[in-house]
Every structure is written in C-alpha cells, then in structure tokens.
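In: Need coordinates for the following:
(one chain, ligands or ions: 1)
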Amino acid sequence: MNKHKTKFLLRLEEMIGKGSLFTAEQDMAPHLQDQRGRYKGNACAVVFPSSTEQVAEIVRLCQQEKVSIVPQGGNTSLVGGSVPDESGNSLILSLKRMNHIRSIDADNFTLTAEAGCILQDIQQTAADCDRLFPLSLGAEGSCQIGGNLSSNAGGVQVLRYGNARELVLGLEVVLADGRVWNGLRRLRKDNTGYDLKQLFLGSEGTLGIITAAVLKLYARPREIVTALVAVPSPTAAVRLLARLRAASGESVTSFELICQRGLEFAERHLEGCQLPLDAPSPWYVLVELFGGRADRSLHETLEESFGECLEEGLLSDAVIAGSETQRNKLWRLREGIVEAQKFEGASIKHDVSVPVSEVPAFIEQGAEAVMAMIEGARPVPFGHVGDGNIHFNITQPAGMDSAAFLARWEEVNAGIHDLVVSMGGSISAEHGIGQLKRTENMRFKSEVEIDLMRKMKSALDPTNLLNPGKVI
Ligand code: FAD
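Out: Numbers count the residues shown, from 1 in each chain. Just a heads-up that it's a prediction; the model follows:
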C-alpha cells in the first residue's frame, strides 16, 4: 500500500473509529462482488458510518484526497451498480449502520427512516402501527431503503402504489461537496420550485448519498385475495387485468404473468411448487387484490368476475387461495421461476417494459426474434405485467454449451432492446442501469437527454467522485 493510501486510511479511522472500517481482503470480499457474480471490483476499504455527519465528513475527506466513493446498501443490485471498478481507488461507503427508524407519524401516514434500514423492517414497523409500506420485492429481507430509492426499485405492487420514487415525500442527502441537504419534508403538497428529491431518486448513487427519507404509508388492507388463473394467451391476460381493475374499483395490487415453461421448470426442480389446477395452460396470471373491508366482499367480486371471464374465454380455470399457506404457495410458484431456470443451464436476461397494451405483441415478436437468432433457445417471459414490465429471460437450448450461449448475450440483448424501443418501451424497467446497461442505454437516449444527464452530473458532482462508471 502506498504512503498516500495509508495516510488516507489512518485519517478515516481517526474520523469514525477502528471498528468502522474493513481493509482486509477477506472482510471486504462480500462487498466487492455483485450478487449474480458477474462483477468483481477492488476497493481501498469498506467504511461503515453511523450518522449523516460522519457520511459528510467522509465525503469531504474523499474529495480532498481524490478517492471515489461507491455507496452501497444491501448489494442486491442486478446491474452491478453497487460494486466498484477494478482500480482499487474507490472507497465503499456502506449505509448498513444507519438503520434507525427516526420517527413514524401514523396520522400523517409517514415514516422517516435512515438509508440503511432493511426494507422488510420498514414494512414491519409500518404494520405494527396498522399501516402499509407497499414497496415489496424478492430481495426485501436484505436490500436497504437507501438502495431501493437510489435505484427507484419496482417490485410486485407497482400497479397499485407506484415505484419507489412515488413512495417518497422527502430526502436527506449528502452532496458530493460534503454539504448536507435536509429535504426531510413530510408534505403531500409542496409547490415551491424544483422537486430536488427527484434528482437523487433513481440516480444510483451518482449524484448524492441518500442518508434518510420520509416515506409514504397507506392503510393496511383488511382483506387480501390471491388467485392463480389459467389464461389462453397474453392478450387474454391483458383483457382480464382491465376487467378486474374495473370490477374491483382499482383494488388489483399485483398482476404477474407466468409462462408454462417457467412453471414447468419450477415444478421440475423446486420443492413445494405444484400447479394447483387440474390441467396445464400455456399461460397463467398470479393476481392479488387488497381490500379495505374484512367481509370477503373482494373475494366475492373476484369469483363473480372469474365466472364471467370464463364464459367469455378470457380464462380457462382459476384457484383462489383459501389460507395464508395457500397464498404463500402461489407466490412461491411465481418467485420460483428465476431459481428454477438455473437448473436448465445459462440464461440471457432482459428487464424491459412496454405499454401494457403492447405486452402480447412484444412477447410474440421477442420470442420469434430470439429463436431466429439461436435455434432451440427457450424464452421464459414472466413478470409484473400489470405495469408493462416483462422479465424476458432466455434459457439456453437443451444440451448447448453454456459459455457459447452466453457469448451471444450482447447480440440477443441488442435485438430485444431494438424491439422494445420500437414499441415505445424501456430497456430497463426496474433494475436500473449500473454497469450492465450503461453503453446500451447511450444507444437509445437522444443527444438532448444525454446532454442534460451530463450537465446534471457535472453540476452536482463535477469531480466524478460518486459511483464513477455507473449510469453515465
Ligand atoms: P445496492 O444493490 O447496494 O445498490 C443499488 C444502487 O444504489 C447502487 O448504484 C448503489 O451505489 C446505490 N446506493 C445504495 N445505497 C445508496 C444510498 N444510500 N445513497 C445513494 N446511492 C445508494 N429490483 C426491483 O426493482 N424489483 C424487483 O422486483 C426486484 N427483485 C429482486 C429480487 C432479488 C432476489 C434480487 C437479488 C434483486 C431484486 N431486485 C429487484 C434488484 C435489487 O434488489 C433492487 O435494485 C434494490 O432496490 C437494491 O437495493 P440495495 O439496498 O441492495 O442496493
């Protein structure tokens, strides 16, 4: 280690205490690699501040010493956003110790949390006060709210409550020059100029470090109805969604499409994943509704709608969960798809969105395009189709060499992204840009958009201190 680095680390240690810093390789290892094992970087240290003031001090020191900072939450990013490059010149700033709920105001339906709070803990704290914090995703047991907001996470309830961005009233942010912006307002109406918090939401740690947030809460549902529905096609699924939204007075919270191949993979490879219907179907939908009355009224509405839709051919069968255990089993089927795909070999993945009405055409044309590129490729489209988000994963042809299949990643991505953009869609629906899609994103942004993004970056972080090499 050179002298300059040693001096820097000593000053860091003086600032925040010895136990708040990792420099040994084995301690740093879990922070240097992304959770899919696709990206591995280096860092001079991992630091664990426990207050906003400490974060600000660290930023000022890094600015002085020209050490870049990679903010890190739960490190569950699927686009390599939370790991450093290989230079070893970055400091990983983990928000893990900033994990206090600062306050909860049940009458105002708000909760103020530090960035390092685990998403599940926030959900539980809200539930303890008879409130709902609706952000919900597969990684909720380990991802942190700061990471969720910085990546504008989506998840399974966007259809009803919006993305992470829409669940925020105020933010506290440490800026690249070490100043603290206290924007922790608890207001639903505040029309006093530029909405600065939007700059930091979804900017993946490239414009500022989020240290705390005021989150919106909702009434906790009194009735939850979950069903698995067999549908003949994605077109029928989209029509079914419209019918259920109207019939239930916009109570549909989740609407997840599952293809037969994905369900077969889950049945074949995972325990506790059995189709609870009499016969297989080409497509399924997992639908969940939240209602305000504990009187089974939503259950009855759903049964009635299913009856009508059956007659019209929009569905062929359906099962409504009769208990929490059955509900969990239905969700296990949906969540098992990604896990089960691994047993079938390598996958080339896409997290894309198109307008909901275009979902059927996209799935059909996307599958045709992929099969024309790689004979025997097995598309496994699934996801949060209620908000137009499809995880368009392609499993390798049976028996093909995995490395040869994965070597086609960029070519397949490019073909699918071209199609998505031609349909007015997005090449990253919810996972963000990180390292994975940085170059690809530039291919589709207009010159004006790129220019505005660069101006924002240089206005807020002129020395490129924060999360270099990500997003832009
Ligand atoms: P990290 O991965 O640590 O960081 C994410 C980005 O935010 C990085 O760029 C990082 O530098 C930055 N960052 C982190 N904390 C801060 C901070 N305090 N201030 C500034 N920048 C910060 N995503 C979805 O959107 N929807 C899903 O349904 C979904 N499901 C998933 C399921 C699984 C099993 C897994 C592993 C991931 C899933 N993800 C999903 C992706 C991931 O969980 C989300 O992107 C999550 O929001 C990241 O949170 P994190 O705390 O792990 O952040």
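In: in which helix or strand would I find His31?
Out: helix 25-32 (DSSP states H and E).
In: Oops, could you answer that again for Val420 instead?
Out: Here Val420 is assigned to helix 409-422, by DSSP H and E.
In: Tell me which residues touch Ile427, please.
Out: 350, 352, 417, 420-421, 437, 440-441, 444 (Cβ atoms under 8 Å, 6 or more residues apart in numbering). Every residue, glycine included, has its C-beta placed from N, CA and C.
In: what about 6 Å?
Out: 417, 420 (Cβ atoms under 6 Å, 6 or more residues apart in numbering).
In: same question, Arg160
Out: Here Arg160 is in contact with Thr253 (criterion: Cβ under 6 Å, 6+ apart).
In: I'd assumed it was in a helix, is it?
Out: Yes. Per DSSP: H, G, I helix; E, B strand; the rest coil, Arg160 lies within a helix segment.
In: The ligand versus that one, what's the distance?
Out: Plainly put, Arg160 is 15 Å away from the ligand if you go by Cβ to the nearest ligand atom, to the nearest Å.
In: Could I get the pLDDT score of that residue?
Out: Looking at Arg160, its pLDDT is 97.
In: which residues of the stretch 51-200 of the chain fall in helices?
Out: Using DSSP state H, counting those that start in this stretch, the helices found in the stretch 51-200 of the chain span residues 52-65, 119-128, 145-150, 158-161, 197-200.
In: Just read off the phi/psi values of the closest residue to Arg327 other than its chain neighbours.
Out: What sits nearest to Arg327 in space, not counting adjacent residues and going by Cβ to Cβ, 6 or more residues apart in numbering, is Ala321, at 4.0 Å. Backbone torsions for Ala321, taken as degrees, to the nearest 10, come to phi -60, psi 130.
In: What mean pLDDT does the longest helix along the chain get?
Out: What stands out as the longest helix in the chain, according to DSSP state H, is helix 324-341. Mean pLDDT, helix 324-341: 94.
In: cool, and stretch 428-447?
Out: 96.
In: CA atoms only for that stretch, dumped as CSV, please.
Out: The C-alpha coordinates for stretch 428-447 follow below in CSV (Å, rounded to 0.1, in the frame of the first residue of the first chain):
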residue,chain,number,x,y,z
SER,A,428,-34.5,-1.1,-18.0
ALA,A,429,-37.9,-1.3,-16.4
GLU,A,430,-36.9,-1.5,-12.8
HIS,A,431,-33.3,-2.8,-12.2
GLY,A,432,-31.6,0.4,-13.3
ILE,A,433,-28.5,1.0,-15.5
GLY,A,434,-25.5,0.4,-13.2
GLN,A,435,-22.6,-1.0,-15.2
LEU,A,436,-24.6,-3.6,-17.1
LYS,A,437,-26.6,-1.3,-19.4
ARG,A,438,-24.5,1.9,-19.4
THR,A,439,-23.4,1.6,-23.0
GLU,A,440,-26.6,0.1,-24.3
ASN,A,441,-28.6,3.0,-22.6
MET,A,442,-26.5,5.6,-24.5
ARG,A,443,-27.5,3.9,-27.8
PHE,A,444,-31.1,4.8,-27.2
LYS,A,445,-31.0,8.2,-25.4
SER,A,446,-31.3,11.2,-27.6
GLU,A,447,-28.5,13.8,-27.7
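In: gap between it and the chain center?
Out: Counting by Cα atoms, centre = their mean, to the nearest Å, stretch 428-447 is centred 15 Å from the centre of its parent chain.
In: Check the secondary structure at the one residue in the stretch 351-472 of the chain that gets nearest to the ligand for me.
Out: Residue nearest to the ligand within the stretch 351-472 of the chain: Glu430 (3.5 Å; Cβ to the nearest ligand atom). Under three-state DSSP, the three-state class of Glu430 is coil.
In: Is it in contact with Gly154, as I believe?
Out: Yes. In terms of Cβ atoms under 6 Å, Glu430 counts as a neighbour of Gly154; the distance is 3.2 Å.
In: Could I get the buried residue list for the helix holding His31?
Out: If you call a residue buried by 16 or more other Cβ atoms under 10 Å, then helix 25-32 has these buried ones: 28, 31-32.
In: quick check, nearest of those to Tyr194?
Out: Relative to Tyr194, the closest of the buried residues of helix 25-32 is His31; by Cβ to Cβ it sits at 34.1 Å.
In: Give me the distance between the closest one and the ligand.
Out: 9 Å.
In: wait, doesn't that residue sit right on Val46?
Out: Yes. Contact criterion Cβ under 6 Å: His31 and Val46 qualify, at 4.8 Å.
In: Could you pull out the residues contacting both of those two?
Out: Common neighbours of His31 and Val46 (Cβ under 6 Å, 6+ apart) are Ile92.
In: The stretch 151-300 of the chain: strands as residue ranges?
Out: Remark: strands assigned in the stretch 151-300 of the chain by DSSP state E, counting those that start in this stretch are 168-174, 180-183, 209-216, 218-219, 223-231, 252-259, 283-291.
In: Is any residue of the last one near the ligand?
Out: No. With Cβ under 6 Å from any ligand atom as the measure, strand 283-291 is seen stopping short of the ligand, the closest distance being 13.5 Å.
In: and the angle from that strand to strand 252-259?
Out: Strand 283-291 and strand 252-259 are oriented at 170 degrees to each other (axes from the mean of the first three to the mean of the last three Cα atoms, to 10 degrees).
In: ditto for the third one
Out: Computed by the same axes, to 10 degrees, the angle separating strand 209-216 from strand 252-259 equals 120 degrees.
In: Same question for strand 209-216: list its buried residues.
Out: 209-216.
In: For the residue nearest in space to the middle of the chain, give its distance to the ligand.
Out: Of all residues in the chain, the one closest to the mean position by Cα atoms, centre = their mean is Ala153, 3.6 Å from it. Relative to the ligand, Ala153 is positioned 3 Å away (Cβ to the nearest ligand atom).
In: ok, and the closest non-adjacent residue to that residue?
Out: Closest to Ala153 by Cβ to Cβ, 6+ apart is Ala164, at 4.6 Å.
In: pLDDT score for that neighbour?
Out: Note on Ala164: pLDDT of 98.
In: quick revisit: looking at the helices of the stretch 51-200 of the chain, which is buried most?
Out: Of all the helices of the stretch 51-200 of the chain, helix 145-150 carries the top mean neighbour count, a mean of 29, counting by mean count of other Cβ atoms under 10 Å.
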